[in-house]
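> Would you be able to build a 3D model of this:
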Amino acid sequence: MEIVTGKAGVPHVSSADDGRRIAGEVGTGSYVLQTGGKLAPSLVDANTVRIATGDMIVQGRHIGVTAPEDVKVASGSQGKKRMDYICVHYTRDVSGSSPTLVETVEWKVLQGTPGSSATAPSVPKGSILDGDADVTVPICSVTFDGLTTGQPKLLIPELTPLADLGDSVSHAVVTAPANGVTCVGIGRIVVVQLKNISLTGHTGRTVCQLPFKPVTEAFGCLNVDSASGYVKIDTNGIVFCFSATSGDFSGQAVICT
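Numbering: from 1, shown residues only. This next block holds a predicted model:
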């Protein structure tokens with residue numbers, strides 16, 4: 001056991017320590033952060049892909065691109081298709097009896113095999129988090145149709161900032177699709193509240209259709225004095241109420257959209 005974020009008297013915090021923490025917080029894969037140009041790739045000419053500024057997390061390592069960078073790709077082949085990967089190539093010096101353990105990253109192109117279809121090239125196995133010293137991680141792809149170079153596409157997802165995630169679950173959205181029906185939504189969870197819904201005993205009633213569709217059917221209880229009933233919301237958002245007793249019923253159901 002080792003305390004990482006604590007004074008030890010000697011330098012002891014490594015990039016591996018920081019990498020594990022970052023991977024544990026955001027995920028063990030590769031992600032684009034919401035900074036700069038978000039690494040958006042664009043085609044400069046048939047042999048040049050430009051990577052915009054931005055930041056990414058690659059298996060726990062934070063990598064920044066502070067100025068646009070150009071990556072060269074080979075020309076396409078007449079009458080054939082091809083797909084190349086533009087990758088982050090990570091290395092850690094483990095050579096010799098006294099390795100420096102210095103870590104570096106650079107762009108590397110994995111060239112696909114020309115053929116009748118654009119097949120993705122094979123990617124060498126390796127994981128920074130597992131301690132591998134040579135790791136290749138695809139960041140974007142570019143396809144070729146004959147001599148024509150297609151628009152490059154980013155392969156790794158954008159990471160949603162914590163501030164945006166907080167907003168998505170902290171703000172309640174209130175809608176009223178019908179008289180006596182109020183919906184309070186927080187994120188994907190919606191509480192459907194019903195008040196004074198008039199029902200005739202042993203006769204069901206469709207009250208309304210919600211402006212959203214639940215992923216599964218949901219049920220809730222209705223009550224008035226000592227009488228009870230139920231509300232059912234199907235996957236089309238249809239709100240159906242029933243009771244064996246006549247009266248003005250109130251209750252609620254919770255759905256996930």
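> what ranges do the helices span in this protein?
Here the chain has its helices, by DSSP state H, at 15-26, 162-170.
> what's the neighbour count on residue 60?
By other Cβ atoms under 10 Å, the residues close to residue 60 number 24. C-betas here are computed from N, CA, C, even on glycine.
> Quick check: pLDDT value at it.
Per-residue confidence at residue 60 stands at 95 (pLDDT).
> deepest of the helices of the chain, which one?
Each of these was given a mean neighbour count from mean count of other Cβ atoms under 10 Å, and the largest, a mean of 15, is that of helix 15-26.
> Report all helices and strands that it contacts.
Helices and strands touching helix 15-26, by 3 or more Cβ pairs under 8 Å, 6 or more residues apart in numbering; DSSP states H and E, are strand 54-58, strand 61-65.
> picking that back up, nearest to residue 113 among the helices of the chain would be which one?
Of all the helices of the chain, helix 15-26 sits nearest to residue 113, with 32.5 Å by Cβ to Cβ.
> now the closest one and strand 54-58, what's the angle there?
Comparing the axes of helix 15-26 and strand 54-58 via axes from the mean of the first three to the mean of the last three Cα atoms, to 10 degrees yields an angle of 100 degrees.
> re earlier: between the helices and strands packed on helix 15-26, which one is nearest to residue 229?
strand 54-58 (51.8 Å).
> Partner strands of that closest one and their direction?
Strands that pair with strand 54-58, judged by DSSP bridges, come out as strand 30-32 (antiparallel), strand 61-65 (antiparallel).
> what comes into contact with it?
The contact list for strand 54-58 (Cβ atoms under 8 Å, 6 or more residues apart in numbering) reads 22-23, 26-27, 30-33, 35-40, 62-65, 88, 90, 105, 128, 137, 139, 156, 159.
> Please compute how far that strand lies from its chain's middle.
A distance of 14 Å separates the C-alpha centroid of strand 54-58 from that of its chain, computed with Cα atoms, centre = their mean, to the nearest Å.
> Contact partners for residue 177?
When contacts are counted by Cβ under 8 Å, 6+ apart, residue 177 touches 183, 208-211.
> cool, residue 173 as well?
184-186.
> if we go to 6 Å?
Residue 173 makes contact with residue 185, according to Cβ atoms under 6 Å, 6 or more residues apart in numbering.
> do the one 10 residues further on as well
When contacts are counted by Cβ under 6 Å, 6+ apart, residue 183 is found next to 175, 190, 192.
> Format the helices of the chain as a markdown table; extra columns: mean pLDDT and distance to residue 221.
Putting the helices of the chain into a markdown table (pLDDT from 0 to 100; distance: least, Cβ to Cβ, whole Å) gives the following:
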| stretch | mean pLDDT | distance to residue 221 |
| --- | --- | --- |
| helix 15-26 | 91 | 41 |
| helix 162-170 | 65 | 26 |
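> Nearest to residue 222 among those helices would be which one?
helix 162-170 (28.3 Å).
> Point out where the stretch 101-250 of the chain drops to low pLDDT.
Residue ranges of the stretch 101-250 of the chain with pLDDT under 70: 165-172.
> quick revisit: return the members of the contacts of residue 183 classed as buried.
Neighbour counting with 16 or more other Cβ atoms under 10 Å marks 190, 192 as buried within the contacts of residue 183.
> And the strands in the stretch 1-150 of the chain, which stretches?
When assigned using DSSP state E, counting those that start in this stretch, the strands of the stretch 1-150 of the chain occupy the ranges 30-32, 41-45, 48-51, 54-58, 61-65, 69-72, 81-92, 103-110, 134-145, 148-149.
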